[in-house]
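Asker: Sequence first, predicted coordinates after that:
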Amino acid sequence: MINYNPKDWFTFIFRLHKADTFNKLWPLMLSVAIFSAIISFLELHVFKLSKSDYVSNIGMMHSLLGFVISMLLVFRTNTSYDRWWDGRKLLGGLTNVSRNFAMKIKALQLPEEETRFFEYGIPKYAFALKEHLREKKYFGKNSFLIEVKKDKHIPNQVATSMISKLYELTAKGLISQEQLIVLTQDVNQFTDICGGCERIKNTPIPFSYSVFIKKFIFIYVLTIPIGWVFSLGYYLVLIVPFILYVLASLELIAEEIEDPFGEDANDLPVDTICNNIEKHVEEILGK
Amino acid sequence: MINYNPKDWFTFIFRLHKADTFNKLWPLMLSVAIFSAIISFLELHVFKLSKSDYVSNIGMMHSLLGFVISMLLVFRTNTSYDRWWDGRKLLGGLTNVSRNFAMKIKALQLPEEETRFFEYGIPKYAFALKEHLREKKYFGKNSFLIEVKKDKHIPNQVATSMISKLYELTAKGLISQEQLIVLTQDVNQFTDICGGCERIKNTPIPFSYSVFIKKFIFIYVLTIPIGWVFSLGYYLVLIVPFILYVLASLELIAEEIEDPFGEDANDLPVDTICNNIEKHVEEILGK
Amino acid sequence: MINYNPKDWFTFIFRLHKADTFNKLWPLMLSVAIFSAIISFLELHVFKLSKSDYVSNIGMMHSLLGFVISMLLVFRTNTSYDRWWDGRKLLGGLTNVSRNFAMKIKALQLPEEETRFFEYGIPKYAFALKEHLREKKYFGKNSFLIEVKKDKHIPNQVATSMISKLYELTAKGLISQEQLIVLTQDVNQFTDICGGCERIKNTPIPFSYSVFIKKFIFIYVLTIPIGWVFSLGYYLVLIVPFILYVLASLELIAEEIEDPFGEDANDLPVDTICNNIEKHVEEILGK
Amino acid sequence: MINYNPKDWFTFIFRLHKADTFNKLWPLMLSVAIFSAIISFLELHVFKLSKSDYVSNIGMMHSLLGFVISMLLVFRTNTSYDRWWDGRKLLGGLTNVSRNFAMKIKALQLPEEETRFFEYGIPKYAFALKEHLREKKYFGKNSFLIEVKKDKHIPNQVATSMISKLYELTAKGLISQEQLIVLTQDVNQFTDICGGCERIKNTPIPFSYSVFIKKFIFIYVLTIPIGWVFSLGYYLVLIVPFILYVLASLELIAEEIEDPFGEDANDLPVDTICNNIEKHVEEILGK
Amino acid sequence: MINYNPKDWFTFIFRLHKADTFNKLWPLMLSVAIFSAIISFLELHVFKLSKSDYVSNIGMMHSLLGFVISMLLVFRTNTSYDRWWDGRKLLGGLTNVSRNFAMKIKALQLPEEETRFFEYGIPKYAFALKEHLREKKYFGKNSFLIEVKKDKHIPNQVATSMISKLYELTAKGLISQEQLIVLTQDVNQFTDICGGCERIKNTPIPFSYSVFIKKFIFIYVLTIPIGWVFSLGYYLVLIVPFILYVLASLELIAEEIEDPFGEDANDLPVDTICNNIEKHVEEILGK
């Protein structure tokens, strides 16, 4: 994720940031500019059509469908943003659960080696989840405390280790039944957060919407020059690419933030969050 | 559900996917094209109406109602998408509850045969729910561990079996009262998820909206050629079907994703989720 | 509630269903048609106004306010739908709580007569709630198990009976303290659901919105013919009623689904839900 | 709150209810009518401007900003309605918690005098909260059971009394530890509801939006006659006030329902809810 | 936060409050006014373009994109407001948890010195969180009761102190196991609230949206005079800055309330809330 000062308008407007959709769209915008130029040339100079021809009123369709396309893009923007924010909440929840769990372990005043187990295990869950969401395998540093098998779901293995440890400590009489219940619920929350992130990652918006919006934008933009040439002439070469820029940017940004756990410029600061969890757990449980 | 790369614009725009609404709509679009042609012919050549006739201003109505129809379609899209995503959350919840429940069973270190019971029972619930939502009966593999009766609610029978087993284990002293409470809550969550899915499946949006939106689209599209023929002539044969395509596609996709547990192209990956639950539970509880 | 196949466009468009708002609106539409005809006649033939008169531009106001009226109707539609869906969730919750509660009672393996008490009491709560929401009194079949007084809140009496029974069973040593807590929470959920339904039933949207929207639609539609007559002539007799149909339908459907527990065509299937609860509880607790 | 039948269109449209925003707006509407008349007179007869003057096209700005103003008003309407409904949910929650708490007290079969304490204390909380939200002090009837100090937060004092009583009963052995936990959670819910209501009451929408929307409506409406006079002449005297009525009504209703605990016509039925709580608690705990 | 009477329209409209976006925007508005004047002069008097030139129809683009820009600004407004309100809920939650926690401590009738610990510690958490969110360090008054280290997360240290105290009291036999569970959950809620606030503070809306909206507003407003000059002449000097004021105000207010814990005019009343917590806790736990 990019940290920025939202109040710095000047650089936003004039500098071209690498996350700017313009970087991705300019080849398409150029093609559309050329296309518009060709259409204009053909209609104005080859076929010599005029404002009284039927073709000049095709813009009526664009006005009528203008509402639909903008509402559809807002629908797309809203749902993508909701996933992104939902993902942020889940990662925030991970921080909270990790801290709360560590505080309780601290308060139990377990023997030194057991405390070390959790000081190691809690951040390990966060890192394992991060790599799991990026489809990488993670085994963690000094992994002798919790051994994970490569071909199984790694966050689950870390969680199972922690639950087993809790039951073992209960059996030893270091944790009471009541405390066990509370601590188990915390570990369950780890798994719930993992499930929530997997859900966001594995479920893009329904295929039909994705296809439909792209087809709609494409046909909409490409038919604009046909009717508008009689009013705007060669200015179309600037205007049509700008319209494309606006409509396609919304779709592009939506696509990017829809899966917020990757390493794109707009994705969530998963690495920072994991490092913070490690730092906080160490502060709480450290000697 | 179709897995796809949302960033691959090219194939989206030019290839005709089987989930594309165009496949379902082309007969209707063709009819509307013919209808537009007939209207145009009648008005232009038979009745010889001209732009100065009142009929040419009927488009004023379409502009005025353009807001309403697009907002209505967005309302439809939002509510359908919310159900679809709600269904996805419920299935994600099923995965989480199954995993958490399995981890707790694992930690209890029950006798081998009792662990087998849950290794069998937890995924069975998921599969029973899947078939229940598709209105099929499911009895499951090696069903001697949990016997279900055909004419009763099958997921409920599986859940009741698991709860009874838990109380039996408590009576035997293998589970404490406190653990029983926690484990019972997990089984209740299975039933809550089942109830949530049944709610989505059995409650389409109110009948009146469904009728009203369809009637509105139908009348709206069919009256467009009447007024627009004087501005657009025979281009209507292309334009009116395109407007129909846009408006009807939104309604069609909404209809499809409204009930997300079926086997349509856009429906949720229920089978994959069930298989994952089976796999994860086996990983956790397996020998 | 009407069960229907949302994909059956043909019957939706051409058949006139009894839940169709057209049935309620046609007298109003007819009046508006006549009104439009009179206005047209007066302006065109009596006062002989022409397009150059100021009055012909009143449509500018309708364009400007067209956004506001459609957004307001969408606001109305959204809030009504949210209540309707909220009500559906509450009834779904009732099903879930009933099932979960029954499963726990089953697992407790209480003496036969105590099990019968709950087999009778759980569905009784659902039926009592249904009649309570429809402002009828309900005493239930074989009501000797739970006696209710006519002039008191009946669902509350059923819930109090069940809680008292649970405490009685605890005193007898048939239920442990821990189980009592869990079971009491379930009964509390019954009361929470009752409160939620009462909230929806007793709180229509603020009076001012209801008045304002109706006044706005009324004035908006009745002033349309004044300005449009110069563009559309006697076609107004068809067009103005259609605009009224669209705007008023949205308000009418919203009114109907706002209170979803009644017996209107679009209301929730309260009876079916109650019968299902009875059936499921019987399946779980029955001999 | 006004109880009304939302289906009674006739009286809504033709009768002027006291909660109608027209009552508050007519002086402003009259001023705007006079202002429009003056502008029209000046432009048409004093400066003798004509349609070909630049000033006649100022309406282009109004069309462009028409979207923005209507979306802003819908944003305002939505947020106010959400608070109002949120407040309703909190009061509904108060009813539920009061009932559930009373049922549990009933089931505990405490000595007569202790039951009286709660029969008195539970509704007292509701009444204290009501007066607290209306910034009045409340000491309640026969207040010797719970004494409150004038200068402290009164609902908090009632809640503290109830919690202290519960701990006292536990110390006496009349309530078990497990029951204490459950009952304490109910009292906490009282405090949570109080906090939720205070939040709604003390936090109007950000000052900047409130200022901006009012300034925007004001400038927008007052500049309409400048450009429209050439199309609409003295009809502006009717049209501009109507536009003001629509836009300002939405802002006015939003202001009124934003703080839903007062005694305005649209505010929530706080008194009825408190009386119902008293009645229900008495039904449950009464002899 | 500014306390104001939302019904006082007069001062809102005519007085220029310091939180008014006009204060921040007037330099930009002035620049745009000058820019518009230059464009008008160039087009009208230097290049002597006329209404029949293609350039005069550039406004078609602004109409088409008018929907998109206003919907985008509403999206921006909604998401910012949601964060602001979410932040308010979290702070309201802090008040509730503090009160509830204090009431329970009160009811435990701990020895005087232990009660003092919590009377000191609960408000300390609130103040520490406030300063933490404003990136200041806070050590609190009479800080010998809870010592905090400068370089570690201060709210976490306060929470850990409270949890440790609770476990210490349990070890001493002053708190039962059951009470410990309940009290620990309250302290966990403190940490959850802290995490929620950190999430809002550290996650502005995705960078791409922020850039895109600003670029879009900038290009949109600056191209308006090019096409509109033929219709509006030098009136543009007033109109274009007004359009800028409307569009940019929405973005500016959104920016300000997006991070609601600062000391801007629209930010939440964090100081008041902290002081209230201190006052209420003192009222409850004070001698």
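Answerer: Yep, that arrived.
Asker: The residue nearest to residue A:221 when sequence neighbours are not counted: neighbouring residues, count only.
Answerer: Closest residue in space to residue A:221, ignoring its immediate chain neighbours: residue A:244 at 4.8 Å, by CB to CB, 6 or more residues apart in numbering or on different chains. C-beta here means a position set from N, CA and C on the backbone, and glycine is covered the same way. For residue A:244, the neighbour count with other CB atoms under 10 Å in any protein chain shown is 23.
Asker: is it true that residue A:244 touches residue A:220?
Answerer: No. Residue A:244 lies out of contact with residue A:220 (CB atoms under 8 Å); the separation is 9.4 Å.
Asker: so where does the residue nearest to residue A:221 fall, helix or strand?
Answerer: Taking DSSP states H and E as the criterion, residue A:244 maps to helix A:236-258.
Asker: Below-threshold pLDDT in chain A: ranges please.
Answerer: Chain A contains residues with pLDDT under 70 at A:1-19, A:138-145, A:287.
Asker: how about the helices in the stretch 51-200 of chain A?
Answerer: A:59-108, A:112-133, A:154-171, A:177-202 (DSSP state H, counting those that start in this stretch).
Asker: could I get the ones you listed as TSV with mean neighbour count?
Answerer: What follows is the helices of the stretch 51-200 of chain A, written out as TSV (neighbours: other CB atoms under 10 Å in any protein chain shown):
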stretch	mean neighbour count
helix A:59-108	22
helix A:112-133	21
helix A:154-171	21
helix A:177-202	21
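Asker: Any idea which of these gets closest to chain D?
Answerer: Across the helices of the stretch 51-200 of chain A, chain D has its closest neighbour in helix A:59-108 (9.3 Å, CB to the nearest CB).
Asker: Report whether the closest one contacts chain B.
Answerer: Yes. Part of helix A:59-108 sits near chain B under the criterion CB under 8 Å from any CB of the partner chain, namely A:60-61, A:63-65, A:67-68, A:71-72, A:74-75, A:79.
Asker: Which members of the residues you listed are the farthest-apart pair?
Answerer: Based on CB to CB, the longest span within the residues of helix A:59-108 next to chain B runs between A:60 and A:79 and measures 30.1 Å.
Asker: thought residue A:126 was touching residue A:273?
Answerer: Yes. Using CB under 8 Å, residue A:126 is in contact with residue A:273, at 7.3 Å.
Asker: In chain A, what residue comes closest to chain C?
Answerer: Closest contact between chain A and chain C, by CB to the nearest CB, is at residue A:67 (9.3 Å).
Asker: Now do the contacts for that residue.
Answerer: Residues near residue A:67 by CB atoms under 8 Å, 6 or more residues apart in numbering or on different chains: B:66-67, B:70-71, E:67.
Asker: what distance separates stretch A:250-261 from the centre of its chain?
Answerer: With CA atoms, centre = their mean, to the nearest Å as the basis, stretch A:250-261 stands 6 Å off its chain's centre.
Asker: sorry, that was for stretch A:198-209
Answerer: Counting by CA atoms, centre = their mean, stretch A:198-209 comes out at 12 Å from the chain centroid.
Asker: ok, that stretch near chain C or not?
Answerer: No. Using CB under 8 Å from any CB, stretch A:198-209 never reaches chain C; the gap is at least 14.5 Å.
Asker: measure that stretch end to end?
Answerer: End-to-end span of stretch A:198-209 (CA to CA, to the nearest Å): 21 Å.
Asker: what do you get for stretch A:38-47?
Answerer: 12 Å.
Asker: does any part of that stretch sit near chain B?
Answerer: No. Stretch A:38-47 is not in contact with chain B by CB under 8 Å from any CB; minimum separation 13.5 Å.
Asker: what's in contact with that stretch?
Answerer: Residues contacting stretch A:38-47 (CB under 8 Å, 6+ apart): A:49, A:55, A:225-226, A:229-230, A:233-234, A:236-237.
Asker: That one: which residues count as buried?
Answerer: Neighbour-count burial for stretch A:38-47, counted by 16 or more other CB atoms under 10 Å in any protein chain shown, picks out A:39-40, A:43.
Asker: Show me how far the helix holding residue A:244 is from its chain's centre.
Answerer: Taking mean C-alpha positions (CA atoms, centre = their mean), helix A:236-258 and its chain are 19 Å apart.
Asker: Verify the contact between residue A:239 and residue E:61 for me.
Answerer: Yes. Between residue A:239 and residue E:61 there is a contact under CB under 8 Å: 5.0 Å.
Asker: Tell me who's in contact with the nearest residue to residue A:189 once chain neighbours are set aside.
Answerer: In space, and not counting its chain neighbours, residue A:189 is closest to residue A:97: 4.6 Å by CB to CB, 6+ apart. By CB under 8 Å, 6+ apart, the contact set of residue A:97 is A:186, A:189-190, A:193.
Asker: Max pairwise distance over those: which two?
Answerer: Farthest pair in the contacts of residue A:97 (CB to CB) is A:186 and A:193. Separation: 10.9 Å.
Asker: Point me to the helix or strand that includes residue A:49.
Answerer: Per DSSP H and E, residue A:49 falls between elements, in no helix or strand.
Asker: Who are the contact partners of it?
Answerer: Applying CB under 8 Å, 6+ apart, we find residue A:49 in contact with A:43, A:55-56, A:230.
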